[in-house]
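K.L.:
Need the 3D shape of this:
(one chain, ligands or ions: 2)
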Amino acid sequence: MNRIVVIGSCNMDITVLADKRPTAGETILGNELHIAHGGKGANQAVAAARLGAEVTMVGCVGNDVYGEMIRTNLINNHINVDYLVTLHDVTTGTAHITLAEGDNSIIVIPGANARVDENIVDNAWPAIESADLVMVQNEIPVPTIEYIVKRCHAARIKVLLNPAPAADLNPDWLELATYITPNEHELSALYPSQDTTETVIAHNGQIIVTLGSKGVGYGADGELRIIPGFSVKPVDTTGAGDTFNGAFATAIVNGESLDSALRYGNAAAALSIQALGAQEGMPTAEQVSAFLADAT
Ligand code: ATP
Ligand code: RIB
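P.N.:
Ligands and ions are numbered 1, 2, ... in the order given. Got it, this is the predicted structure:
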């Protein structure tokens, strides 16, 4: 009963570490190049699989070295890749990350991720219809996200929509998702003319806003309830949100309460940001249990 299907992006993350960000027209020397597995979909799949969920990845890669590396990495993380499609006329998605001055900035080239369409979803339906939870993010085309949310809602399949990166999605179908997990910036993009705290409160546990080191917030009994984050020294916060989502989803399909699942997500994310790269620091269930035991 812990089957998760992730329908989303797979990227290679090409990260440059530097002391500062260059200004427009400036050339500077960086310190290090780091090439590693990423993409919000694949990251969330790996986070959930490391924590013991039975995960299927639905998405697209190109017929190139990065596509092969991504497939192998998912298999090495015990993820079913039966519905990971290799396309022959497009390159694998890449993310170009600058890590400087304690924060990241990212340009994503979607490549094959832009080709995740209704057909890809329909072909994967045998896996999707037997899932305990489906996860989707904003790195595939919006019409596909809409199709997934509506079709899963009609089939009574739980959906966690992580609306990252920020986009203005139509609330008419957005709110058919079981859980919506924006960060503060993404929340403002979803509800541009509304007070964000009031929006979270009004959605009564459906919207979970991630608050960086402060943890997460959701609405309960007409108030904003905060589940605090854990105090750690971050090395690289790339993928913190993905680890949180993968861990939260795993705890939910394992039958945990909302508060307990959110605390679990915070713990896994706090552990993950202590290593360079989105996936390297993602913890196992044993590591999260030990961390939580130490924290109490
Ligand atoms: P990213 O885009 O970097 O993956 P995000 O902007 O989607 O992250 P955040 O709200 O920054 O999401 O972080 C997600 C979760 O990760 C937080 O809710 C928290 O649990 C954890 N987290 C992030 N930063 C820190 C930190 N500095 N210390 C402890 N926990 C953190
Ligand atoms: O959420 C982090 C991810 O966003 C990175 O792995 C990068 O691929 C971008 O898609």
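K.L.:
out of everything not next to it in sequence, what's closest to the residue in the stretch 51-200 of the chain that ligand 1 sits nearest to?
P.N.:
With distances taken as Cβ to the nearest ligand atom, the stretch 51-200 of the chain approaches ligand 1 most closely at Asn183, which sits 3.7 Å away. Bear in mind the C-beta positions are built from the backbone N, C-alpha and C, glycine included. With Cβ to Cβ, 6 or more residues apart in numbering as the criterion, Asn183 has its nearest non-adjacent residue at 4.8 Å, and that residue is Thr210.
K.L.:
so what's that neighbour bridging to?
P.N.:
In this entry, Thr210 is beta-bridged to Asn183, Val216, by DSSP bridges.
K.L.:
where's it relative to Ala95, distance?
P.N.:
Spatial separation of Thr210 from Ala95 under the definition Cβ to Cβ, to the nearest Å is 19 Å.
K.L.:
more neighbours, these two?
P.N.:
Neighbour tally, Thr210 and Ala95, criterion other Cβ atoms under 10 Å: the higher count belongs to Thr210, 26 against 23.
K.L.:
quick one, what contacts that one?
P.N.:
In this structure, Thr210 makes contact with Thr181, Pro182, Asn183, Glu184, Val216, Gly241, Phe244, judged by Cβ atoms under 8 Å, 6 or more residues apart in numbering.
K.L.:
one more time with 10 Å
P.N.:
Taking Cβ atoms under 10 Å, 6 or more residues apart in numbering as the definition of contact, the neighbours of Thr210 are 162, 164, 181-184, 186-187, 216-217, 229, 240-241, 244-245, 248, 262, 265-266, 269.
K.L.:
and the residue lying closest to Glu256 once chain neighbours are set aside, what are its phi and psi?
P.N.:
The shortest distance from Glu256 to any non-neighbouring residue, by Cβ to Cβ, 6+ apart, is to Tyr264 (6.6 Å). With angles defined as degrees, to the nearest 10, Tyr264 shows backbone torsions of phi -60, psi -40.
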